[in-house]
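Enquirer: After the sequence you'll find the predicted model.
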Amino acid sequence: MLNPELISLENQVFRCYLGWSAVLVLKIFATGIYTGLMRFFTATFANPEDLMSPKLKVKFDDPNVERVRRAHRNDLENILPFFAIGLLYVLTNPAAFLAINLFRAVGISRIVHTLVYAVVVVPQPSRALAFFVALGATVYMALQVILSAAF
Amino acid sequence: MLNPELISLENQVFRCYLGWSAVLVLKIFATGIYTGLMRFFTATFANPEDLMSPKLKVKFDDPNVERVRRAHRNDLENILPFFAIGLLYVLTNPAAFLAINLFRAVGISRIVHTLVYAVVVVPQPSRALAFFVALGATVYMALQVILSAAF
Amino acid sequence: MLNPELISLENQVFRCYLGWSAVLVLKIFATGIYTGLMRFFTATFANPEDLMSPKLKVKFDDPNVERVRRAHRNDLENILPFFAIGLLYVLTNPAAFLAINLFRAVGISRIVHTLVYAVVVVPQPSRALAFFVALGATVYMALQVILSAAF
């Protein structure tokens, strides 16, 4: 059932995992760059050596910067575990249709999560919805992996 | 020595890594959900769009919420590197008895860490002990991986 | 093209990824231990149960501790995605010379990043340079993975 041959570009499920993982890595990095840009626009720097002018002081409470940082941290809490469990889920040889749509659900909903959290600030429950779609799909994968390990 | 055949459900070491990784992904997510519940119970919301009532204001310093967030961040710092190094350690073809008990040590001590940090708050050194057991096991795996890469 | 045989100690590209990943896991953990030591030296504890003396109070704003914590968090944002994308990049069967130097660039620049951020505090642009070298190399890997998944 578990088979190293599954880790191959010939396997469309692995290929889909590969593509969405790389897109989500770029998405996490984009949020990091966005934090940096927001620091420049609002002149909010956390380190004395980053201050662009002697008139500036370190500052930790700009609401725009903190909002992007919360979105970024939420990525670490949710996307990074997906990288691990997504690969292990591929190795359980899941049905292609289901697996591919789960990967799409995680990828799209995590991009939407960042957009509605840190870019346009859409009212709730948009962010909660994006959060729970990705969470639900990843939890399902984790449960399938546990079943594969147990039996 | 390193062999893609090791990545197979037939390999009980990989199977053990697979199971504990999935359990720890669920544990990380559970801590995230617990943060959310704690925010509701204490009415501590970080975003204006999350406020459930016009009387509430954003708040960042609730000690119960911050405690769960510290436990959650400690997971990111310690469990996520384990996901990467655990898989690479399986590929070094370690002795099954040792590897399986290292995975159990990481899995159990990280669950205990969250319980004594954020759920029941047991006095020290319980949290420090749980932290160092998991850290020691993961450091050992990393050193074995470095030895395999070097020779 | 993608081939599970690439995940083998016989493959020098995988071997290089293996070694640098393990070194970077130890580097992340070292930053965690360094945070703990800094908390002791500055008597800055975030939890009541950690206070070493009844005269101490919990404290969250020591600039030295917060600096190490920012370096640590930056690791989570940048090194952990590298663990995922580096493995997938190995599976795209890249040219050995390029791949090995990209892994070295990530490994060395992330160690330099921590040194100039949290240990010696070198003026900018040293930290920015270390940050962007590692980011650029990881983004390149992610783009190559996307190309492999798409064609």
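Expert: All right, it came through fine.

Enquirer: all helices for chain A, in order.
Expert: Using DSSP state H, the helices of chain A run over A:12-42, A:63-90, A:96-114, A:126-150.

Enquirer: For the one residue sitting closest to the centre of chain A, list the residues it contacts.
Expert: Of all residues in chain A, the one closest to the mean position by CA atoms, centre = their mean is A:Ile79, 3.5 Å from it. Contacts for A:Ile79 (CB atoms under 8 Å, 6 or more residues apart in numbering or on different chains) come out as A:24, A:27-28, A:106, A:110, A:134. C-beta coordinates here come from the backbone N, C-alpha and C atoms, glycine included.

Enquirer: got the residues of chain A near chain C?
Expert: A:4-5, A:7-10, A:14-16, A:18-19, A:21-23, A:25-26, A:28-29, A:32, A:46-47, A:49-50, A:72, A:76, A:80, A:83-84, A:87 (CB under 8 Å from any CB of the partner chain).

Enquirer: Give me the contacts around stretch A:61-75.
Expert: Identification of contacts with stretch A:61-75 by CB under 8 Å, 6+ apart yields A:27-28, A:31-32, A:34-35, A:38-39, A:41-42, A:44, A:110, A:113-114, A:117-118, A:121, A:131, B:46-47, C:77.

Enquirer: Now which of those residues would you call buried?
Expert: When neighbours are counted using 16 or more other CB atoms under 10 Å in any protein chain shown, the contacts of stretch A:61-75 contain these buried positions: A:27-28, A:31-32, A:34-35, A:38-39, A:44, A:110, A:113-114, A:117-118, A:131, C:77.

Enquirer: ok, so of the residues you listed, who is nearest chain B?
Expert: Using CB to the nearest CB, A:Tyr117 comes nearest to chain B of the buried ones among the contacts of stretch A:61-75, at 8.0 Å.

Enquirer: how close does the nearest residue in space to the closest one that is not next to it in sequence get to C:Phe60?
Expert: Computed as CB to CB, 6 or more residues apart in numbering or on different chains, the closest residue to A:Tyr117 that is not its neighbour in sequence is A:Ala71, at 4.2 Å. Distance from A:Ala71 to C:Phe60, counting by CB to CB, to the nearest Å: 22 Å.

Enquirer: Tell me who's in contact with A:Ile108.
Expert: For A:Ile108, no contacting residues are found, by CB under 8 Å, 6+ apart.

Enquirer: And it, how close does it get to A:Arg73?
Expert: Applying CB to CB to A:Ile108 and A:Arg73 gives a distance of 20 Å.

Enquirer: what do you get for A:Phe14?
Expert: With distances taken as CB to CB, A:Phe14 is found 29 Å from A:Arg73.

Enquirer: higher neighbour count, those two?
Expert: A:Phe14 (23 against 18; other CB atoms under 10 Å in any protein chain shown).

Enquirer: Quick check, the more buried one in contact with A:Trp20.
Expert: No: using CB atoms under 8 Å, A:Phe14 makes no contact with A:Trp20, being 11.1 Å away.

Enquirer: what residues does chain A put near chain B?
Expert: The interface of chain A toward chain B, taken as CB under 8 Å from any CB, is made up of A:1-4, A:7, A:66-67, A:70, A:76-78, A:80-81, A:83-85, A:88, A:91, A:121, A:123-124, A:127, A:135, A:138-139, A:142-143, A:145-146, A:148-150.

Enquirer: Just the buried subset of those residues, written out for PyMOL, thanks.
Expert: Filtering those down to the buried ones (16+ other CB under 10 Å) takes a single PyMOL command:
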select buried, chain A and resi 2+3+4+7+66+67+76+77+78+80+81+83+84+85+88+91+127+135+138+139+142+145+146+148+149
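
Enquirer: Below-threshold pLDDT in chain A: ranges please.
Expert: For chain A, the stretches with pLDDT under 70 are A:1-3.

Enquirer: returning to what we had before: of the contacts of A:Ile79, just say which sits nearest to chain C.
Expert: Closest to chain C, out of all of these and judged by CB to the nearest CB, is A:Ile28, at 5.5 Å.

Enquirer: contacting residues around that closest one?
Expert: Residues near A:Ile28 by CB under 8 Å, 6+ apart: A:72, A:75-76, A:79, C:77, C:81.

Enquirer: do A:Leu143 as well
Expert: A:Leu143 makes contact with B:22, B:26 under the criterion CB under 8 Å, 6+ apart.

Enquirer: 7 Å instead?
Expert: Listed by CB atoms under 7 Å, 6 or more residues apart in numbering or on different chains, A:Leu143 has no contact partners.

Enquirer: Of all the helices of chain A, which one is nearest B:Lys55?
Expert: Closest to B:Lys55 of the helices of chain A, according to CB to CB: helix A:63-90, at 19.7 Å.

Enquirer: quick one: that closest one to helix B:63-90, angle?
Expert: Following axes from the mean of the first three to the mean of the last three CA atoms, to 10 degrees, one obtains 40 degrees for the angle between helix A:63-90 and helix B:63-90.

Enquirer: State the distance from the spatially closest residue to A:Val13 that is not a sequence neighbour to chain C.
Expert: The shortest distance from A:Val13 to any non-neighbouring residue, by CB to CB, 6+ apart, is to A:Ala99 (4.6 Å). Counting by CB to the nearest CB, to the nearest Å, the separation of A:Ala99 from chain C is 14 Å.
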